[in-house]
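Visitor: Model the following, please.
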Amino acid sequence: MLFELFGNSPVVGGRTHLWYWIIFVVLGVGGSAACDPDDPIIALLTYDEASDAYVMADVAVTTLSDVERMKGDATALIGGADVTLDYEESTMTWHDPGHSVAFSAINEDGVLVPEDYDSLAMASIYYNIESSMLFFESLGFDSSKVDIPTYYNPKFTIIKPDGSSDADEEVAEDNAFYMYMTKKDQALFILPFDQFQWVPLPLNTGIITHEYSHAAFDILIPKPDRPGDMSNAAENFLYGVNEGFADFMAVARTRDANFMEHTAEEGVFITECNENTQIELVRDASIPIDYTETRHDAPARNTDHAEFCPYDVGSFLSSLMYEIAGELDQPSNRAEALDQTAEWLVKAMGDLGKVLSADFELWQLISLFIERVDSDANRVKACSVVEKRYSLYYSNVEGC
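Guide: Residues are numbered from 1 along each chain as shown. Below you'll find the model as predicted:
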């Protein structure tokens, strides 16, 4: 989840602005979007690692089965949904389940050029989910288990635990989040874009990978199989691990340690977290973080789970993985090191899903990660980073 307003709720802010579905298939040079080949080439705004910027590029979207409706192996986009999430009553009410979208593009010499912002956003969302899916597959993850629709620009109303609606006009905006609703019902939600004036949420590959990673997390550590009597601290640590895993996978996928900065500038979005601790929304994994008693440990152990904010623990885990990747011996470049570290982390998550206990501690995941490191030399280097950054509980880490 990208932002949090309270407890485990999806967040938000800003003025209400509902983008209505008035999207038409436009016949362009050479025909319409629906007539294109199985692997369409679409002009999208994509991240360029060399320039650390988003640039327009023609990309092949390989898993689309229906270009016009933006459906394929990665996801199916749904528009026009209307839903209320009521935390006071613990209910989620669908007023309108939505409908298929319509992608509008002109075919210019075999390249589909989106005709409007919505079409550009929808194609970008699909491509970003597809690239996230393929990235996880390259790490040995069975992506076929992640079968989720994507709700584009839904009307999403939040009623807080105290009975008040979210914001003055009740409609959530400027957010992207994955939500687990039931064992058979999960989805991605891309809310209307209003305040952000940099790269919009759905066009930021790192943000979409972050959200896809939450869905993968629920496969690796299945929610129905988790102990029903988990301690408050265990739930908080696992919540922090979920965020840190999502952050690092986004960093590994994009090769961009500060992927959020393209959408939200540093210093613009600050929130109070865990008893008034100030936390920056933009999190740079390249900045080393020491795990401390006051910033990380005490809040996780002493804050009620409904009020716990997981981003400090998450940022620590992401930065720890990033620093370990930078110390590895074998990889020939940063990308290879990030891939290797991400693969070990995914496998460690799968291991954790098999042994998760009611008294889970963060060092148990770190121990499982160390166990997955492939050589004595790299294990020594990884342990050196853990000893430096996690000195408070380093003695509990097995394998070091």
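Visitor: Could you give the backbone dihedrals for residue 286?
Guide: The phi and psi torsions at residue 286 (degrees, to the nearest 10) take the values phi -80, psi -10.
Visitor: Okay, it and residue 330: tell me how far apart.
Guide: As judged by CB to CB, to the nearest Å, residue 286 and residue 330 stand 21 Å apart. Quick note: C-beta positions are derived from backbone N, CA and C, even for glycine.
Visitor: Secondary structure element for residue 180, which one?
Guide: Assigned by DSSP states H and E, residue 180 falls within strand 176-182.
Visitor: Buried ones in that strand, by neighbour count?
Guide: Residues of strand 176-182 classed as buried: 176, 177, 178, 179 (neighbour count, 16 or more other CB atoms under 10 Å).
Visitor: for stretch 334-345, same thing?
Guide: 337, 338, 339, 340, 341, 342, 343, 344, 345.
Visitor: Could you do stretch 130-139 as well?
Guide: Quick answer for stretch 130-139 (16+ other CB under 10 Å): 130, 131, 132, 133, 135, 136, 139.
Visitor: and of those residues, the nearest to residue 306?
Guide: The closest of the buried residues of stretch 130-139 to residue 306 turns out to be residue 132 (CB to CB; 29.4 Å).
Visitor: Return the residues in contact with that closest one.
Guide: Each residue near residue 132 by CB atoms under 8 Å, 6 or more residues apart in numbering is listed here: 205, 208, 209, 212, 213, 253.
Visitor: Report the contact partners of the fifth one.
Guide: Neighbouring residues of residue 213 by CB under 8 Å, 6+ apart: 132, 245, 246, 249, 250.
Visitor: try the third one
Guide: Taking CB under 8 Å, 6+ apart as the criterion, residue 209 is in contact with 128, 131, 132, 135, 246, 249, 250, 253, 254.
Visitor: re the thing from before, mind checking which of the contacts of residue 213 are buried?
Guide: 132, 245, 246, 249, 250.
Visitor: Could you check the pLDDT of the second one?
Guide: At residue 245, the pLDDT value in this model is 98.
Visitor: can you tell me the helix or strand for it?
Guide: Using DSSP H and E, residue 245 falls in helix 232-254.
Visitor: got it, and the first one?
Guide: In the assignment (DSSP H and E), residue 132 maps to helix 117-138.
Visitor: Can you show me the helices along this protein?
Guide: 117-138, 205-220, 232-254, 298-302, 311-327, 334-355, 362-372, 376-389 (DSSP state H).
Visitor: For residue 285, give me its contacts.
Guide: Residue 285 touches 247, 248, 251, 257, 258, 315, 318, 319, 321, 322, counting by CB under 8 Å, 6+ apart.
Visitor: Please tell me how far it sits from residue 301.
Guide: 25 Å.
Visitor: closest to residue 230 among the buried ones among the contacts of residue 213?
Guide: For the buried ones among the contacts of residue 213, the nearest to residue 230 is residue 245 (17.5 Å; CB to CB).
Visitor: returning to that earlier point: highest neighbour count among the contacts of residue 285?
Guide: Most neighbours among those, by other CB atoms under 10 Å: residue 251, with 29 neighbours.
Visitor: I'd say it and residue 322 touch.
Guide: Yes - the pair residue 251 and residue 322 passes the contact test of CB atoms under 8 Å, sitting 6.1 Å apart.
Visitor: For residue 118, report the pLDDT, please.
Guide: Confidence score, pLDDT, at residue 118: 93.
Visitor: And for residue 32?
Guide: Taking residue 32 on its own, its pLDDT is 36.
Visitor: One more: residue 277?
Guide: 63.
Visitor: ditto for residue 10
Guide: 32.
Visitor: Could you list the low-pLDDT ranges of the stretch 101-250 of the chain?
Guide: The model of the stretch 101-250 of the chain has pLDDT under 70 over residues 163-171, 195-197.
Visitor: can we see that at 90?
Guide: Within the stretch 101-250 of the chain, the ranges that satisfy pLDDT under 90 run 157-176, 181-185, 192-203, 224.
Visitor: Need the nearest residue in space to residue 234, chain neighbours excluded.
Guide: residue 360 (4.0 Å; CB to CB, 6 or more residues apart in numbering).
Visitor: let me redo that: residue 233
Guide: residue 301 (4.5 Å).
Visitor: Brilliant, that's me finished.
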